[in-house]
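**Student:** quick one, fold the following:
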Amino acid sequence: MKKSILSAVCLLAMCVSCQQPAKEEANTQLTKREIMEDYLNGKKHGEYVPTAYFMHFPARVGQDAVYYHIRHLARTGIDILKVQFEQHQPKIKVETAADWEQIQPLPRDYYAPTVEVVKEVVDIVGHETMVLPTIYSPFQVLRMQIGIPNVIRWAKEDPEQVLRALRIYADALLNFARDCKEVGVDGFFTPTQGGENIYNEVPDFFERFIRPFDMEIMNECNAGTHCNILHICDWEGPYDDLSCFTSYPGQIVNAPNFVAGKPFSPADAEKLFDRMILGGLDRKGVINKGTPEEVVAEVKKIKEGNSGRLIIGAECTVDGKTTPIENIRAAVRTAHGR
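**Tutor:** Predicted structure coming up:
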């Protein structure tokens with residue numbers, strides 16, 4: 001095992017024993033996996049509320065990527081470890097219809113480098129922590145490759161080209177999902193985009209270009225797994241309505257903090273989706289800009305209204321460069337009742 005990964009594992013071993021509540025039937029500690037399984041089944045352990053914060057890391061694939069994920073778990077004490085999805089398609093220009101020929105079917109093993117990161121993370125911490133790989137939607141892959149203005153333009157002018165590209169990426173992502181399940185993941189972190197207000201100018205954009213591919217990928221991710229997070233991502237813009245996502249699968253929903261220009265609380269999300277919610281904090285708010293003391297006060301306030309169907313976290317990925325690790329630690333300690 002690479003020395004850097006070994007050091008992260010040693011740090012994890014030192015941290016674990018002081019973070020979990022004790023089992024009722026024996027003088028041993030519950031694992032994060034056991035805590036999450038109980039929580040998903042409606043059983044709480046005292047003041048302990050599961051919590052998770054995710055961020056991007058400097059390394060995309062390889063041993064360094066494994067190291068950063070394990071280190072993040074060890075440094076923060078979060079209850080779910082999400083593996084990032086960082087194999088992005090090269091950016092291309094699509095000025096003419098012929099330019100779409102640059103998008104061709106991907107090799108069957110295209111995502112093997114990311115699957116290897118997932119496998120190593122599962123092998124190292126999967127016995128005690130749930131591991132959820134991120135899997136982007138076909139639309140997100142295309143949007144990152146050609147840009148939002150091009151997606152909108154071609155969805156109007158030549159929708160078949162857009163649908164062809166989405167089919168190519170859906171096939172590759174389905175293979176990625178199946179390969180991840182083969183290495184023993186507990187579920188997936190499944191983001192969706194394409195329902196934001198900026199796409200409203202394209203008639204039936206969501207129903208034609210987003211929902212069918214989302215559902216295909218997410219149904220595959222949810223088949224045979226038991227902890228999947230539906231993430232409704234507002235990174236590229238706001239939403240007027242989230243009801244179009246209520247039929248999407250996933251045991252947990254991670255929703256924006258604002259919808260139609262108004263605050264959208266975890267209680268609002270729980271009412272709409274009738275599922276467990278991940279959230280409560282703003283990624284750009286106190287967790288990023290406040291003091292540890294302010295973070296503690298905010299998390300305590302969130303815990304007061306917890307119905308037992310809330311995992312405390314942010315509405316999206318926190319900024320790893322500007323979010324103090326002390327703030328994340330304070331948030332986790334408080335959620336855990338320590």
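**Student:** and the strands in the stretch 51-200 of the chain?
**Tutor:** 51-52, 80-83, 130-133, 189-192 (DSSP state E, counting those that start in this stretch).
**Student:** one more: the stretch 201-338 of the chain?
**Tutor:** Assigned by DSSP E, counting those that start in this stretch, the strands in the stretch 201-338 of the chain fall at 229-232, 252-254, 258-259, 262-263, 276-281, 310-314.
**Student:** switch the ones you listed over to JSON lines; also include mean neighbour count and distance to residue 65.
**Tutor:** No exception for glycine: its C-beta is placed from N, CA and C like everyone else's. As requested, these are arranged in JSON lines below (neighbours: other C-beta atoms under 10 Å; distance: least, C-beta to C-beta, whole Å):
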{"stretch": "strand 229-232", "mean neighbour count": "25", "distance to residue 65": "20"}
{"stretch": "strand 252-254", "mean neighbour count": "25", "distance to residue 65": "22"}
{"stretch": "strand 258-259", "mean neighbour count": "17", "distance to residue 65": "32"}
{"stretch": "strand 262-263", "mean neighbour count": "8", "distance to residue 65": "36"}
{"stretch": "strand 276-281", "mean neighbour count": "25", "distance to residue 65": "23"}
{"stretch": "strand 310-314", "mean neighbour count": "26", "distance to residue 65": "21"}
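**Student:** nearest to residue 184, out of those?
**Tutor:** In terms of C-beta to C-beta, the element of those nearest to residue 184 is strand 229-232, at 17.6 Å.
**Student:** who does that closest one pair up with?
**Tutor:** Within its sheet, strand 229-232 is paired with strand 189-192 (parallel), strand 252-254 (parallel), according to DSSP bridges.
**Student:** for those, give me JSON lines that also has distance to residue 124 and mean pLDDT.
**Tutor:** Formatted as JSON lines, the strands paired with strand 229-232 follow (distance: least, C-beta to C-beta, whole Å; pLDDT from 0 to 100):
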{"stretch": "strand 189-192", "distance to residue 124": "19", "mean pLDDT": "98"}
{"stretch": "strand 252-254", "distance to residue 124": "23", "mean pLDDT": "98"}
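**Student:** including distance to residue 34, could the ones you listed go into TSV?
**Tutor:** Formatted as TSV, those follow (distance: least, C-beta to C-beta, whole Å):
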stretch	distance to residue 34
strand 189-192	21
strand 252-254	17
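**Student:** for the spatially most central residue of the chain, give its distance to residue 128.
**Tutor:** Compute the mean C-alpha point of the chain, and by C-alpha atoms, centre = their mean the closest residue is residue 189, 3.9 Å away. Relative to residue 128, residue 189 is positioned 19 Å away (C-beta to C-beta, to the nearest Å).
**Student:** shaky segments in the stretch 1-150 of the chain?
**Tutor:** Along the stretch 1-150 of the chain, the model assigns pLDDT under 70 to residues 1-19, 22, 24-28.
**Student:** quick one, helices of it?
**Tutor:** According to DSSP state H, counting those that start in this stretch, the stretch 1-150 of the chain carries its helices in the segments 3-16, 32-40, 62-76, 112-125, 138-146, 148-157.
**Student:** what residues of the fourth one count as buried?
**Tutor:** Read that as helix 112-125. Buried residues in helix 112-125, defined by neighbour count with 16 or more other C-beta atoms under 10 Å: 114, 115, 116, 117, 118, 119, 120, 121, 122, 124, 125.
**Student:** put the alpha carbons of that helix into CSV.
**Tutor:** C-alpha atoms of helix 112-125 as CSV (Å, rounded to 0.1, in the frame of the first residue of the first chain):
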residue,chain,number,x,y,z
ALA,A,112,-11.8,1.9,-15.2
PRO,A,113,-9.5,4.4,-13.5
THR,A,114,-12.3,5.8,-11.4
VAL,A,115,-13.7,2.3,-10.7
GLU,A,116,-10.2,1.4,-9.4
VAL,A,117,-10.3,4.4,-7.0
VAL,A,118,-13.8,3.2,-5.9
LYS,A,119,-12.6,-0.3,-5.4
GLU,A,120,-9.6,0.7,-3.3
VAL,A,121,-11.7,3.0,-1.1
VAL,A,122,-14.2,0.2,-0.6
ASP,A,123,-11.5,-2.3,0.3
ILE,A,124,-10.0,0.1,2.8
VAL,A,125,-13.0,1.5,4.6
